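Visitor: here is a sequence together with a model predicted from it:
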Amino acid sequence: MTPPTIDTDQRYTFVLEVVGRTLGNFASVQGLEATVQVFEYREGGNNDLVHRLPGAVSYPNLVLSGGMMTPALSSWFRETRLGATRQEVTLTLSADGQVVRKWSFADAFPVRWVGPTFDAGSGRVGAEVVEIAHGGLTELPT
């Protein structure tokens with residue numbers, strides 16, 4: 001089976017939303033991942049047999065970069081310092097304006113923000129980075 005390929009001629013973007021409000025547009029995302037812990041249980045008296053059983057599922061934080069967040073995300077991050085307001089967020093991957101895939105993240109709240117960098121010599125402005133903790137992801141139909 002051949003793995004799917006990405007058309008590099010298209011422009012891909014990630015849009016982060018909560019309760020129908022756009023929180024930001026980003027070019028890069030990390031943390032679309034789930035890991036199942038594996039427990040090994042050795043069979044008594046049989047040294048050749050090890051049962052491998054599934055355990056808890058863990059999810060890394062979602063890290064979005066290469067974009068700018070909206071005032072709504074900035075406000076949500078400020079609120080988190082006083083007490084996390086957990087929200088369900090949706091991440092949509094679009095290619096040239098067409099939805100490719102969507103994910104939902106349960107009980108999410110922002111945990112890190114890195115502001116844009118400025119380089120006066122080149123006139124370039126770097127993009128922001130936002131990190132979001134969550135309690136699990138689900139792929140949504142497109």
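Guide: Now that the structure is in, tell me what you want to look at.
Visitor: which of the residues in stretch 110-129 are buried?
Guide: 110, 127-129 (16 or more other Cβ atoms under 10 Å). Yep, even glycine has a C-beta here, placed from its N, CA and C like the rest.
Visitor: farthest-separated two in these?
Guide: 110 and 127 (15.9 Å; Cβ to Cβ).
Visitor: among the buried residues of stretch 110-129, which are in strands?
Guide: Counted as lying in strands by DSSP state E, out of the buried residues of stretch 110-129, are 110, 128-129.
Visitor: what's the closest of these to residue 24?
Guide: Nearest to residue 24 among those, counting by Cβ to Cβ, is residue 128 at 7.7 Å.
Visitor: how about the closest one, what does it touch?
Guide: Residues in contact with residue 128 (Cβ atoms under 8 Å, 6 or more residues apart in numbering) are 24, 65, 67-69, 113-116.
Visitor: one more: residue 54?
Guide: If you count contacts by Cβ under 8 Å, 6+ apart, residue 54 has them with 36-39.
Visitor: for the protein, what helix or strand is lowest in average pLDDT?
Guide: Every helix and strand in the chain was compared by mean pLDDT, DSSP states H and E; the lowest is strand 124-125, with a mean of 67.
Visitor: show me where the protein has its strands.
Guide: For the chain, the strands defined by DSSP E occupy 12-18, 21-26, 28-30, 35-42, 50-58, 62-69, 87-95, 98-114, 118-119, 124-125, 128-133, 137-140.
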